[in-house]
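[1] Got a predicted model here, sequence first, then my questions.
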Amino acid sequence: MNAVIENLPLYFEGFFVTLGLLLWSAPLALIIGTIIGAMRISPVASFRGFATVYTEIFRNTPLTLILFFCAFVLPYLQFSPGYFVLAVIGLTLYTSPFVAEAIRSGINGVPVGQAEAARSIGMSFGQTLSLVVMPQSIRMVIPPLINVFIALTKNTSVAGGFFVFELFAVGKEVANANGNAVIAVLLGVAFFYLVITVPLGIFAGRIERKVAVLR
Amino acid sequence: MSMSVLYDAPGPKARRRSLTISVIGGVLIAAGLAWLIFTLAAERTTVAGAKTPGMFDESRWDIFANPLVWAQLGKGVIATLQMAGVAAVFAIIIGILFSFGRSARSSWIRVPVAVVLEFFRGMPVLLMMLFVLLVFSTGTYWAGVSALAVYNGAIIGEALRAGIQSLPKGQREAGLSIGLTPVATRFLIEFPQAFRQMLPIIIAQLVVLLKDTSLAYIVGYTELLRIGVHHLSNTVGNRYFFSLFFVVLALYLAMNLTLSWIARLVARKSGPKLGTLTPGAPRVPGGEGTQAITLVGPGASEGEQGGQHH
């Protein structure tokens, strides 16, 4: 326990780096994921094809490989803006297809009658999507999106293996320095992860219940 | 073919326009890819002024004619598959135990199991690997296997519990009324149905497990990535770094896409049957999909529907 209290500043340093990774890559993944999701349902065939291939490739590549690419191969190709930025790029690329899938399944979850009704009263493609389908699907998309971001929070730990000094790396270092208190040290790290993931999970559950009542 | 309800069936003008946009879009995407490939293929000058050949130059790829390189890569693939296979077996066993604990009738069992499950699901797998490695000093292989088994077991356990819960009440009552004990009812009546129903989710989770074996690279296990990129580029020269990474990536993609494809196949095979068996079944997330956007015509893209749950 003493080892945890003594290293509390270090923990906080790692915690803020983890939070930084999350706060940078989550919005970026949201933007790219939305674009990819939109391409996936667009009437333009070549966009659909591109989005499908993008999703399949990045979803089936292990995150370790993507971050390895960012941390070793990109600098090898003489692109090195620092490991934090590289980790953010990797996490964004890995998370964006999951965002795209969440958005797509949210849109697909809107009953077909809604779109038909909108079309039958003469709304155009744009009106149908923006006035009828989207407002309903955004509510349905939020819980799975939060789950994606919970997964992202856990995934930031992988960046600790690639020279970013975040929570996992802090845990590793403190645990190595305090060989007799490894359990306490790592449970301390676990606690900081739960500080982020548990509130997000509760929030997702609450929204899910709210949406269920409304529909 | 599937047709969208979002817009009218396109006439000749609209079809021509959408074709134009499609072609322009395709050209833009192709141009982007071509730019990427040309930049990679270009010769570059290092800071010291020495010229290095492009990434697709023959001198960077000639090692792949050497069977010894492939033997090493094969070793890496086997190490990865071995970890994934053993972890998958344990994950399913742990998942079954968790699901029984979670749906136990006594709250003395149910509540602690639920808390433990929540805890495991909220943890990064990597942290669990490190924990097992440092606390139990098991070596990197078993650290990887046990962390993957526990984490994925927790998720499979939740899926199975949802499957058991969604069964019609009559199933359990029928079992009890013909004189089976509650335990026998669970094992013989409820569990087999829940397992079949949740099979697509379980296999999708196994794809995740296979992907996550690469996390063991960070705690130092010699799997595909470590053998393929670190060890090999140390022995054959740093020049091949990019090519080796590329090949390892292709191997990973081949393994994961094959397993995803199997998952889809199973989802399609077991999907419709279950719908008739248990009407109140929880739907596979997204499994019912493509409703508002596409009306699926007869014999149309079923693969589209299976492809959404990972």
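    Sure thing, it's come through.

[2] excluding its backbone neighbours, what's nearest B:G144?
    By the measure of Cβ to Cβ, 6 or more residues apart in numbering or on different chains, the closest residue to B:G144 outside its immediate chain neighbours is B:A216, 3.5 Å from it. Every residue, glycine included, has its C-beta placed from N, CA and C.

[3] In contact with that neighbour, which residues?
    When contacts are counted by Cβ atoms under 8 Å, 6 or more residues apart in numbering or on different chains, B:A216 is found next to B:M83, B:M129, B:T140, B:Y141, B:A143, B:G144, B:E223.

[4] Show me the residues you listed that map onto strands.
    Nothing among these maps onto strands, per DSSP state E.

[5] Between these, which has the least confident prediction?
    For these, the least confidently modelled position is B:E223, at 86, judged by pLDDT.

[6] Quick check: the gap between that one and chain A.
    Taking Cβ to the nearest Cβ, to the nearest Å as the criterion, B:E223 is separated from chain A by 10 Å.

[7] what does B:M129 give?
    The separation that B:M129 has from chain A, given Cβ to the nearest Cβ, amounts to 10 Å.

[8] Also B:T39?
    As defined by Cβ to the nearest Cβ, B:T39 lies at a distance of 8 Å from chain A.

[9] where exactly do the helices run in the chain?
    By default, I'm working from chain A. Assigned by DSSP state H, chain A shows helices spanning A:2-6, A:8-41, A:45-60, A:63-68, A:74-76, A:83-108, A:112-120, A:125-127, A:134-159, A:167-177, A:182-214.

[10] Can you look at chain B instead?
    With DSSP H applied, chain B shows helices at B:12-41, B:67-102, B:107-121, B:125-135, B:140-166, B:169-177, B:182-185, B:191-212, B:224-225, B:232-236, B:241-277, B:302-306, listed in chain order.

[11] Indicate which one of these is closest to A:F168.
    Using Cβ to Cβ as the criterion, the shortest distance between A:F168 and the helices of chain B is 6.0 Å, found for helix B:125-135.

[12] quick one, phi/psi of B:G11?
    Recorded main-chain torsions at B:G11 are phi -80, psi -180, according to degrees, to the nearest 10.

[13] Quickly note the distance from it to B:R17.
    Relative to B:R17, B:G11 is positioned 10 Å away (criterion: Cβ to Cβ, to the nearest Å).

[14] again, but for B:Y151
    In this view, B:Y151 and B:R17 are 50 Å apart by Cβ to Cβ.

[15] now swap in A:L21 and tell me
    From A:L21 over to B:R17 the distance is 43 Å, taken as Cβ to Cβ.

[16] okay, those two: which has more neighbours?
    A:L21 (25 against 13; other Cβ atoms under 10 Å in any protein chain shown).

[17] got a list of what the more buried one touches?
    A:L21 makes contact with A:F84, A:A87, A:V88, A:L91, A:T156, A:A159, A:V164, A:E166, according to Cβ under 8 Å, 6+ apart.

[18] Test my guess that the first one contacts A:F162.
    No - assessed by Cβ atoms under 8 Å, A:F84 is found out of contact with A:F162, at 10.3 Å.

[19] In CSV, list the C-alpha atoms belonging to stretch B:259-271.
    Output in CSV follows, covering the C-alpha atoms of stretch B:259-271 (Å, rounded to 0.1, in the frame of the first residue of the first chain):
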residue,chain,number,x,y,z
LEU,B,259,-12.0,-17.0,-38.6
SER,B,260,-14.4,-14.0,-39.2
TRP,B,261,-15.6,-15.8,-42.3
ILE,B,262,-16.3,-18.9,-40.3
ALA,B,263,-18.1,-16.9,-37.7
ARG,B,264,-20.3,-15.4,-40.5
LEU,B,265,-21.0,-18.9,-41.9
VAL,B,266,-22.1,-20.2,-38.4
ALA,B,267,-24.2,-17.1,-37.8
ARG,B,268,-26.1,-17.7,-41.1
LYS,B,269,-26.5,-21.4,-40.5
SER,B,270,-27.8,-21.1,-36.9
GLY,B,271,-29.6,-17.8,-37.3
